[in-house]
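S.K.: would you be able to build a 3D model of this:
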Amino acid sequence: MELSKIKQTLERYLEGETSLEEEKNLKIYFSSDNVAPELKEYQALFGFFKTERQQIPQEKTKVSHRRKYYSWVGAAASIAIIAGLFLFKPSTPTPDYGTIEDPQVALQKTKEVLNLISQQMNNGKANLVYLHEIENTKNELINP
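M.R.: Sure, this is the predicted structure:
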């Protein structure tokens, strides 16, 4: 293979655009002894691929049974705590919310509370009058 064609194929290889046949030709070229001096750095790359392909994969490391045991113990402890919270929860007496049985008295109390809320809303609304004056002044200054 001539040097210019090898350089073009190598550029396409580095871009990921070569076919399997072209990659095979590059591997053959770089595994030979007559590699051009400017391409010697790529010879190490293809040599690395060759040695890595020949290596035998190591066996997978086994997870110890102790680790599996600890994960199950943690899950069981969580379930036991949650179950204990729900099953052995001390009963608390139901609080008295001041429920009124008589409808007339309940209506009167409701009116009093709503009247109090209305007074507080009116007090807060009285302070908003100044915002209307500020808006008018702003409009006079912006739009003469």
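
S.K.: can you list contacts of the helix or strand harbouring L26?
M.R.: Element membership for L26 (DSSP states H and E) is helix 20-31. Applying Cβ atoms under 8 Å, 6 or more residues apart in numbering, the set of residues contacting helix 20-31 from outside is 1, 6, 9-10, 12-13, 18, 35, 39, 42-43, 45-47, 49-50. For every residue, glycine as well, the C-beta is placed using N, CA and C.

S.K.: looking at these, which are in strands?
M.R.: Among these, the subset assigned to strands under DSSP state E is empty.

S.K.: any chance of a ChimeraX selection covering the buried ones in those?
M.R.: In ChimeraX, a selection of the buried entries from the contacts of helix 20-31 looks like this (16 or more other Cβ atoms under 10 Å):
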select :6,9,10,13,18,35,42,43,46
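
S.K.: ok, the contacts of helix 20-31 vs W72, which is closest?
M.R.: F49 (43.7 Å; Cβ to Cβ).

S.K.: grab the nearest non-local neighbour of V35.
M.R.: Closest residue in space to V35, ignoring its immediate chain neighbours: Q43 at 5.1 Å, by Cβ to Cβ, 6 or more residues apart in numbering.

S.K.: so which of the contacts of helix 20-31 comes closest to A80?
M.R.: For the contacts of helix 20-31, the nearest to A80 is F49 (54.6 Å; Cβ to Cβ).

S.K.: what separates N25 from E11, distance-wise?
M.R.: As judged by Cβ to Cβ, to the nearest Å, N25 and E11 stand 14 Å apart.

S.K.: pick out whichever of the two has more residues nearby.
M.R.: N25 (17 against 11; other Cβ atoms under 10 Å).

S.K.: pLDDT at the more buried one, what is it?
M.R.: At N25, the model reports a pLDDT of 84.
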